[in-house]
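Asker: Structure for the following, please:
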Amino acid sequence: EAQIAALIDMARRLRARRDSFIGEPQSSKQGVALRGELAHMPLASILSILEMERRSGQLKVSSDSGQSAVFTLRGGTFVHSEMNGTEGKALDILRDVLRWRAGKFYFTPRDTPQKAAPRLSIGEVLLTAMQLEDESRR
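Answerer: The predicted model follows:
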């Protein structure tokens with residue numbers, strides 16, 4: 001019994017340590033469907049998956065430099081975007097976040113309210129952002 005208790009305790013410590021790297025509050029752990037590091041999976045890939053699956057919820061992204069962005073999605077579209085707590089256009093925020101090479105992300109599925117404003121296709125905004133970034137480098 002002592003060995004089992006020690007293994008359970010060790011598993012809890014390892015889980016807490018792993019979760020501390022994600023940077024999300026302990027209370028929000030319930031329901032997180034997708035999480036990881038931008039160095040291992042680029043934001044463009046994450047957004048493409050969420051669009052193909054027509055997911056609704058919040059995608060939170062944080063850079064290693066302390067910046068953060070939140071994208072609220074509904075059925076594969078952007079309905080709300082903010083950077084460091086300030087609301088902004090999905091395209092502008094996405095252009096900034098696409099430059100981040102290191103950081104964390106996590107997606108929490110949830111029903112998002114229907115907004116009167118037109119929703120923007122993730123793929124459309126993503127392609128436009130990538131095209132604008134390519135043009136700005138020339």
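Asker: partners of Thr108 in the sheet?
Answerer: The partner list for Thr108 in beta bridges (DSSP bridges) reads Gln58.
Asker: Could you check how far it is from Asp96?
Answerer: Counting by C-beta to C-beta, to the nearest Å, the gap from Thr108 to Asp96 is 21 Å. Placement of C-beta: from N, CA and C, glycine included.
Asker: so where's this structure uncertain?
Answerer: 14-30, 112-118 (pLDDT under 70).
Asker: what ranges do the helices span in it?
Answerer: Taking DSSP state H as the test, the helices found in the chain are 2-22, 43-52, 90-98, 122-137.
Asker: Arrange the ones you listed in a markdown table, one row each, with mean neighbour count and distance to Gly75 as further columns.
Answerer: Output for those, formatted as a markdown table (neighbours: other C-beta atoms under 10 Å; distance: least, C-beta to C-beta, whole Å):
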| stretch | mean neighbour count | distance to Gly75 |
| --- | --- | --- |
| helix 2-22 | 10 | 26 |
| helix 43-52 | 17 | 9 |
| helix 90-98 | 20 | 15 |
| helix 122-137 | 15 | 10 |
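Asker: Nearest approach to Gly31 belongs to which of these?
Answerer: Closest approach to Gly31 among the helices of the chain is made by helix 2-22 (13.7 Å; C-beta to C-beta).
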